[in-house]
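A.B. asks: Sequence and predicted model, in that order:
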Amino acid sequence: MVKFPVKYFNKIVPDAFHGTRLEHARKIHQDKKFMSGYNEKSYLGDGVYFYESSLEYAKIWARKNSNNGRIGVIRSYINLGRCLDLHDREHLDFLRKTASDLSERTEKTISDAFVINFVAEITGNKIDTVRATYTRNIKKFGTKVFSGSHFYYENELIICVRNLKNILTFSLIYRGG
């Protein structure tokens, strides 16, 4: 197995947005506490998901998942700490090698979440956060910002917080539909 490349660095993300149903947002804000979880949309593994720098993506996600109810958005400051940053080539190489090793040893489907959760487990949960850009299926969803552009809509910078102590603040900044 490749040497674990993740080291601690002190980087604060001041604009991380978590969209959810309004009643959940109010409870999170009141209790100053998120509940970590996993579901089929949790491609970065276990944790609490935030959109970095995009209130609008948090609203869009919350609307899609609120059954047409009222939504809320929590803004948090996050210390990335030991971050598995999937913008870092060394981290991507580590994930690829780990997935390759796993596929030789198991019959299970090797998904992003499975590999990330495995890496967290074998490192004694030394991953505080996972950070990645998620690009939706460009042929189906993506449109260029303008004709001739290299930039597309539907590029979402996402942070999955595994260590909830790294969520430093809780502000309910949006209540609406």
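C.D. replies: Thanks, I have it. Numbering: from 1, shown residues only.

A.B. asks: What are the contacting residues of the longest helix seen in the chain?
C.D. replies: Scanning the chain for the longest helix, with DSSP state H as the assignment, gives helix 89-105. Outside helix 89-105, the residues within contact range by C-beta atoms under 8 Å, 6 or more residues apart in numbering are 1-6, 84-86, 110, 114-116, 118-119. Backbone N, C-alpha and C define where each C-beta goes, glycine included.

A.B. asks: what mean pLDDT would you report for it?
C.D. replies: For helix 89-105, mean pLDDT is 92.

A.B. asks: now the strands: where do they sit in this protein?
C.D. replies: Ranges of strands within the chain are 12-21, 48-52, 71-79, 83-85, 129-135, 155-161, 171-176, based on DSSP state E.

A.B. asks: Export those as TSV, with columns for mean pLDDT.
C.D. replies: Putting the strands of the chain into TSV (pLDDT from 0 to 100) gives the following:
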stretch	mean pLDDT
strand 12-21	97
strand 48-52	97
strand 71-79	98
strand 83-85	96
strand 129-135	92
strand 155-161	94
strand 171-176	95
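
A.B. asks: Dump those to JSON lines, plus mean neighbour count.
C.D. replies: Listed next are the strands of the chain as JSON lines, based on neighbours: other C-beta atoms under 10 Å:
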{"stretch": "strand 12-21", "mean neighbour count": "20"}
{"stretch": "strand 48-52", "mean neighbour count": "23"}
{"stretch": "strand 71-79", "mean neighbour count": "22"}
{"stretch": "strand 83-85", "mean neighbour count": "25"}
{"stretch": "strand 129-135", "mean neighbour count": "20"}
{"stretch": "strand 155-161", "mean neighbour count": "21"}
{"stretch": "strand 171-176", "mean neighbour count": "14"}
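
A.B. asks: Determine how far the longest helix of the chain lies from the middle of the whole chain.
C.D. replies: Computed by C-alpha atoms, centre = their mean, to the nearest Å, the chain-centroid distance of helix 89-105 equals 19 Å.

A.B. asks: now the angle from that helix to strand 129-135?
C.D. replies: Interaxial angle of helix 89-105 relative to strand 129-135 (axes from the mean of the first three to the mean of the last three C-alpha atoms, to 10 degrees): 90 degrees.
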